[in-house]
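**Q** Quick one, structure for this:
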Amino acid sequence: MVLDELKDFALRLKEKGYTLNIYINGELVLVVGKNAKPGLLGIFAPIEIKNLKKVLELYAGSKGS
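**A** Now for the predicted structure:
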């Protein structure tokens, strides 16, 4: 369900011409929206993962909240 929500959010950002850059401790880990240069996820949504390990850590940490 989280991935569906992220996909919808990314598509809305791209349609409106916006980009969201997500940094963790000063390191860019995720780009969502217009300026994303997606790899394999490009098939699904404009999402660029810069550091998969950090994104997974962020996701795992959010499940505890």
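
**Q** in the lowest-mean-pLDDT helix or strand in the chain, what's buried?
**A** In the chain, the helix or strand scored least confidently by mean pLDDT, DSSP states H and E is helix 52-63, which has a mean of 82. For helix 52-63, burial by neighbour count (16 or more other CB atoms under 10 Å) applies to Lys54, Val55. (Glycine included, C-beta is placed from N, CA and C.)

**Q** gap between Met40 and Leu58?
**A** Careful, residue 40 is Leu and not Met. Applying CB to CB, to the nearest Å, the value for Leu40 to Leu58 is 19 Å.

**Q** Check Leu30 too.
**A** From Leu30 to Leu58 the distance is 8 Å (CB to CB).

**Q** burial of Lys34, as a residue count?
**A** When neighbours are counted by other CB atoms under 10 Å, Lys34 registers 15.

**Q** circling back to that earlier point, chain center to the least confident helix or strand of the chain: distance?
**A** 12 Å (CA atoms, centre = their mean, to the nearest Å).

**Q** Kindly report the same for stretch 5-18.
**A** 10 Å.
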